[in-house]
Structures are given as C-alpha cells and as structure tokens.
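Peer 1: any chance you could fold what I've pasted below:
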Amino acid sequence: MEKYLLPEHMLHFGLNIYQFGHEACVPAHTFGPAVRQHYLLHYVLAGKGSLLSEQGHWDVSAGEAFLIFPHQITTYSADKKIPWEYMWLEVDGLIAQRTFELCGLNRETPVWTAALPRGHQALEELWKLLIAEDADRPIKLAGLTCLLFDALISGGKNSAVPTSNDNKQLDHAIAFIERNYQNSIGVSDIANHCRIDRSYLSRMFQKALGVGPKQYLLRTRMNMAKTLLQDASLPIKVIAYSVGYNDQLHFSRAFKQHFDLPPTEWRKRYPPNSDCIEL
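Peer 2: Numbers count the residues shown, from 1 in each chain. Predicted coordinates for the structure are as follows:
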C-alpha cells in the first residue's frame, strides 16, 4: 500500500511530504543498494531486520525506527525468520531536518529507540493515524506529521533535552538561522546575536549536531533552495536571492557542490510532478 503527494501541495511550509505507506515484508526481502533524494523514515511495527550503509550495520526490531538520509547509499533487509512489518514516510524541509537533529539521528546513529520500555506505543498510534489518512488532505497530513515528529523528539532515547545553557543557546542560534537564512548573515552574526564567542558557538554546534554553524547555515539554505526549485515559475536568480545569495553564480556553485547537480539540472531531473521512488 502506497500513497503519494505532490510536493507543491506543501510548498513553502517547511515540510514536504512525498509519500507514506505500510508493508509486511516476506522473509529476507531486501531493498538496495539504493540512494534516496529525501529523508526516508521507517517505523517497525513487528518483526525485525537490518540496515546497512557506508557508515555501518544496524539491527532494528519492533518499536524502533530507522532513518535513511538523502543521497546516502543504503540496503535494508527483513529477517529470514521473523521478517519485519513497517510503515514509512518520505519527507524533507526545515521541519524534518530540525526534527531528526533533535532526535539525535545522523548517518552514524540512524536508529531511533524509545526512552522508556513502552514509550513507543503513543508514537505507533500516530503512525497508524497518518498511514490511514487520505493523500488528498495535505494540511491534515502535515499536522499529523508534526505530531509524529513531536512524539519522536519527546520520546526518543537520544533526543536532545533543552535543559542546559548550551542547549538553550543552541536553540537560540538555530532559531536565528531559520529566521534569517535569506539574509546575508555569517557565523559572526549568529555569535553576536547569541552574545557568545565564535569559537564557543562552533564547539557547541559540533558537539550537538556534528557540523559547524557555517555548515548548518549552508545546509539550511540549500534545503530551502531545493524546496523553492519545486516551483517552476521561480527564476533561479529569485531563488538565489531568497536563500541569501546576491550572486546567482555563487549560489549555483554552492548548490552544485552540495547536491552534485546545478540548480537548473536538479529542476529538470526532479520536476514537481515527477514520480517518487517506488519502495
């Protein structure tokens, strides 16, 4: 069972939902090696299986979730004796990016585990509500997805807990980036806004997210640019300016370095109405 959305239904919301579905796999069913263009989150309802990427190998069981990152080569396989049954959600956008960071999910730790033994039950109910919803109700789907993301953050074993001063300052810095990425800001502007030293800001980002503030700002701009490219009526020059680049050539160079394709080619390869990758 698969349900698809058109990305333009969610344009400019900061959350793009491409597809979602449910599958009970046969023993040893394998998908990959393959590459995805967006985040692909799986939640395991029953059984077990494994995820393999260049970063490592992970066993995943019922009540856990695993995340595949854009442009990451992965293979995932159902167990030979107790194959998994899972639900999946393919997304991108700033909301998705921030959620997975807060959950502590990255390429080296892609598996979500509940903080409490039975802490996955509420999350499972939200998954079922999402999967049962019609694909022609994008606003409701966005709301359910946000509730699902909130449950992932609040119930995850490795989720960031905003209690320390570092956490508060990190949230403050990220909020500043997400509000001002379209302006000509840099690391010094972020540090000045948070009233902290640049080197301290960099250490804080590296410790919490594994990237520096400069890389985080770039990633935020590139993800938003990718979203804006879904609108075929927007010229590249306008998109460049909208994500903080006054020079279209500079923007195109940065986009190509980040996604291995210049923006014009990316738009041709992934037009708004292109089919999603079949699972």
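
Peer 1: doesn't residue 119 belong to a strand?
Peer 2: No: if the criterion is DSSP: H, G, I helix; E, B strand; the rest coil, then residue 119 is coil and not within a strand.

Peer 1: what is the neighbour count of the closest residue to it other than its chain neighbours?
Peer 2: In space, and not counting its chain neighbours, residue 119 is closest to residue 155: 4.7 Å by Cβ to Cβ, 6 or more residues apart in numbering. C-beta coordinates here come from the backbone N, C-alpha and C atoms, glycine included. Neighbourhood size, residue 155 [other Cβ atoms under 10 Å]: 19.

Peer 1: helices along the protein, start to end?
Peer 2: All helices of the chain, identified by DSSP state H, fall at 94-102, 121-132, 138-155, 165-180, 187-194, 198-209, 213-228, 236-242, 248-259, 263-269.

Peer 1: and the ones you listed, which one averages the lowest pLDDT?
Peer 2: Per-stretch mean pLDDT for those is lowest at helix 165-180 (a mean of 82).

Peer 1: report the contact partners of residue 123.
Peer 2: If you count contacts by Cβ atoms under 8 Å, 6 or more residues apart in numbering, residue 123 has them with 43, 114, 148, 151-152, 155.

Peer 1: then residue 129?
Peer 2: residue 144.

Peer 1: residues touching residue 218, list them.
Peer 2: 254, 258.

Peer 1: what's the spacing between it and residue 237?
Peer 2: 19 Å (Cβ to Cβ, to the nearest Å).

Peer 1: now residue 98
Peer 2: 28 Å.

Peer 1: can you check residue 220 too?
Peer 2: 20 Å.

Peer 1: the more surrounded of the two?
Peer 2: residue 220 (20 against 14).

Peer 1: surely residue 86 and residue 42 touch.
Peer 2: Yes: using Cβ atoms under 8 Å, residue 86 is in contact with residue 42, at 4.8 Å.

Peer 1: between these two, which one's more packed in?
Peer 2: Neighbours were counted for residue 86 and for residue 42 using other Cβ under 10 Å; residue 86 has more, 27 against 23.

Peer 1: find the residues that touch each one of residue 86 and residue 42.
Peer 2: Where contact means Cβ under 8 Å, 6+ apart, no residue is in contact with each of residue 86 and residue 42.

Peer 1: ok, back up a step: which residues does the residue nearest to residue 119 contact?
Peer 2: Applying Cβ under 8 Å, 6+ apart, the residues contacting residue 155 are 114-116, 119-120, 122-123.

Peer 1: again with residue 237
Peer 2: For residue 237, the contact set (Cβ under 8 Å, 6+ apart) comprises residue 248.

Peer 1: repeat that for 10 Å
Peer 2: 245-248, 251-252 (Cβ atoms under 10 Å, 6 or more residues apart in numbering).

Peer 1: please apply the same query to residue 199.
Peer 2: Contacts of residue 199 (Cβ under 10 Å, 6+ apart): 187, 191.

Peer 1: so how far is residue 206 from it?
Peer 2: Distance, residue 199 to residue 206, using Cβ to Cβ: 11 Å.

Peer 1: could you tell me the end-to-end distance of stretch 71-88?
Peer 2: Length of stretch 71-88, first residue to last, Cα to Cα, to the nearest Å: 18 Å.

Peer 1: for it, which positions count as buried?
Peer 2: By 16 or more other Cβ atoms under 10 Å, the buried positions in stretch 71-88 come out as 72, 74, 76-79, 83-84, 86-88.

Peer 1: kindly report the same for stretch 95-108.
Peer 2: In stretch 95-108, counting by 16+ other Cβ under 10 Å, buried: 95-106.

Peer 1: and if you look at stretch 195-215?
Peer 2: For stretch 195-215, a neighbour-count test (16+ other Cβ under 10 Å) marks 196, 201-202, 204-205, 208-209, 211-213 as buried.
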